[in-house]
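[1] here is the input, now give the coordinates:
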Amino acid sequence: GGWFNNAALTGTSYSTVQAGTYGALTLYPKFTANTYHIAYNGNGADGSTDTQTAVYGKNLSIASCSFTKTGYSFTGWNTKEDGSGTAFRSGDVTRNLSDKNHDTVTLYAQWKADRVSCTVSHVYRGLAGEADETVTESKTADTDSVFTPAVKPRTGFVSPALQSVTVKGDGSTKVTYLYARKNYKVSVKDADGIQLVSGTGVYPFGSAVTLRADRENGYSILSWSADTGITVDTSAQKDKTQADFILGASDVVFTIETMPNTYGITYTLSEGASFTGEHPSSYTHGTQTVLPDESVLERKGYSFDGWYDTPGFTGSRITKLSESAYGYKNLYAKWVPKDYAIRYVLNGGSITGSYETAYRFGVGASLPADSAVKRNGYLFAGWYSSEECSGSRYSQIGTSETGEKTFYAKWSPNTYSITYITDGGTIKDRKEV
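    Residues are numbered from 1 along each chain as shown. Okay, here's the model as predicted:
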C-alpha cells in the first residue's frame, strides 16, 4: 500500500512530501487487502486442526475437523463455543470473516453426543456355598448423560436403591445392582406327642430346610402341613419325624398331625384256662385300660392270681395299663391251685391222730386210714361220698379232683361169740346173739 503520483499506482510510493517540493501534487492511494487468521478450537476435544490464513475479499474453504472426542460425533463449526453464533460445515466456502488486519477468528467444533452402550448387571445373591445369579442387560444412552437404569424386582429378594451414573463415551459404563435374599421365619405349632422340633428359625429365601420332630413314645406322626401350602417331603424317615422343604417367599408355620398309637395285647393263659367274658385285645396310648379279672377267667382247680409281663411272674402284678403305657403287651396269667375243705361225717365214730381237713388241686389227699377211725362196737367199713354209704369206697382224693368234699364213715357192727359153761348141764334151743 501507500501513496502514488499516478493513477496506475506504479513507481515509488510516497510516505512523506519532501521540503522544497512545489507545484500541485496529486497523490493516489494504493490499498492492500488485510490478512486475518482462522483458528480452530476443539471445544473439549483431543487433537488439533491447523490454523488458516485468509485474505480479506478472497474466498476460503473451511477446514475439515481433525479433532476427536470420545463418545461424540462432529457436527460442524461455530463462531460461538456454545453453538449460538454463525455455523459452518467443513468444506464450506466463505470470505471476509474479519476485516481487521492480522485479526484471529476462532471457530469452535460442535459435537453431538453419541448413543453408546451401557451394561447393567443384576446380581441375585446365592445361598451359602452357591454362586450368585447374574442377569445382564445391554442398554444405550447419550454420552455424558445421567443414566438411571431400572431395577428388576424378583420374589424373595430385596430390590436395591436406584443408581445414577454419568455415561462414558467409550461404552464402558457399568451399573451393578445387588439383590439380597429376604429372610423368613420358620415355626411349628405345638402338637400332642411332640416334645421338641429342631430346625426352626430364620432362613434366607430358597433355603433347603430340614425340621426334625422328637416325638413321645406312644404317638405317631400322620402328616406335616404348612400354612403357605408349600410342598413338604417326609420320605426321609419312615416314622415321618423329618420334614424337608424349600422355603418360599413368606414366613411359614407348620402343623404336625399326630395320633396316639393303638397296640395289641397278647394273653398267655396257661393250659386249660380260658376267658368267659369280654376282654380287650388292644389299648390306645393316653387312655387307661383295665385288664380282665377273675370274673371273666376260669381254669379248673386254680384261682387267678394276676397278670405279669414276664413268663416267670417277676415284678409287680398288673391290673391296668396306664395312660403312659406304650408298645405291644405280652401278658402272662398267674394261677395258684385251689384248696378245698374236707368234711368228715363220722356217724358216731372218731378219728385218732392227725388227718387232712383240706386238699389242694393237683396234689390231692389221703383220707384217714381205717386204723385211725374208731367206734365202739363197730368195725369201720370205709369212706363214701354219699350219706347212704353207697357206691364206691374212697381212700384218697385224686390230684384232678375239685370242690369241697364230704365223706361219710360206714360202720359194720361187731359180732361177738358167747360161751356158756354149764358145769355138766345142757342148753336147749341154743341161739347166737
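[2] and the gap between Val158 and Arg125?
    9 Å (Cβ to Cβ, to the nearest Å). Any C-beta I mention is one placed from the backbone N, CA and C, and that applies to glycine too.
[3] Ala39 too?
    As judged by Cβ to Cβ, Ala39 and Arg125 stand 56 Å apart.
[4] Lys185: how many residues sit nearby?
    Applying the criterion other Cβ atoms under 10 Å, we find 13 residues in the vicinity of Lys185.
[5] the closest residue to it other than its chain neighbours: neighbour count?
    Nearest in space to Lys185, with sequence neighbours left out and distances taken as Cβ to Cβ, 6 or more residues apart in numbering, is Asp251 at 4.4 Å. Asp251 has 14 neighbours, counted by other Cβ under 10 Å.
[6] run through the residues that contact Asp251.
    Contact criterion Cβ atoms under 8 Å, 6 or more residues apart in numbering gives 184-187 as the residues in contact with Asp251.
[7] what does Glu137 give?
    Counting by Cβ under 8 Å, 6+ apart, Glu137 touches 119-122, 149, 152.
[8] for those residues, work out which two are farthest apart.
    The two members of those with the most space between them (Cβ to Cβ) are Thr119 and Lys152, at 13.9 Å.
[9] quick one: buried residues of the helix or strand where Trp307 lies?
    Using DSSP states H and E, Trp307 maps to strand 302-308. Of all the residues in strand 302-308, those buried under the rule 16 or more other Cβ atoms under 10 Å are 302, 304, 306-308.
[10] same check on stretch 376-390?
    Going by neighbour count (16+ other Cβ under 10 Å), the buried part of stretch 376-390 is 378, 380, 382-384, 389.
[11] please apply the same query to stretch 285-299.
    In stretch 285-299, residues buried by neighbour count (16+ other Cβ under 10 Å) are 285-286, 289, 291-292, 297, 299.
[12] repeat that for stretch 313-321.
    Under the neighbour-count criterion of 16+ other Cβ under 10 Å, stretch 313-321 has 318, 321 buried.
[13] quick one: distance of the one helix or strand Ala243 maps to to the chain centre.
    Here Ala243, judged by DSSP H and E, is contained in strand 242-246. Centre-to-centre, strand 242-246 and its host chain are 4 Å apart (Cα atoms, centre = their mean, to the nearest Å).
[14] name the helices or strands packed onto it?
    With contacts defined as 3 or more Cβ pairs under 8 Å, 6 or more residues apart in numbering; DSSP states H and E, strand 242-246 has these neighbours: strand 208-215.
[15] what packs against the strand it packs on?
    If contacts are counted by 3+ Cβ pairs under 8 Å, 6+ apart, strand 208-215 sits against strand 183-188, strand 194-198, strand 219-226, strand 242-246, strand 252-260.
[16] ok, that strand: who's next to it in the sheet?
    The strands beside strand 208-215 in its sheet (DSSP bridges) come out as strand 194-198 (antiparallel), strand 242-246 (antiparallel).
[17] check which residues of the last one are buried.
    In terms of neighbour count (16+ other Cβ under 10 Å), strand 242-246 has its buried residues at 242-245.
[18] columns pLDDT on top of those residues, output as TSV?
    Converted to TSV, the buried residues of strand 242-246 look like this (pLDDT from 0 to 100):
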residue	pLDDT
Gln242	97
Ala243	97
Asp244	98
Phe245	97
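[19] let's have those residues in a markdown table, adding distance to Ala369.
    Supplementary listing: those in a markdown table, determined by distance: Cβ to Cβ, whole Å:
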| residue | distance to Ala369 |
| --- | --- |
| Gln242 | 79 |
| Ala243 | 82 |
| Asp244 | 85 |
| Phe245 | 88 |
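[20] where does the protein dip in pLDDT?
    Confidence mapping of the chain against pLDDT under 70 gives the ranges 1, 429-433.
[21] let's see it at 80
    Under the criterion pLDDT under 80, the flagged ranges of the chain are 1-2, 7-8, 11-12, 14-15, 17-18, 20-23, 25, 30-31, 427-433.
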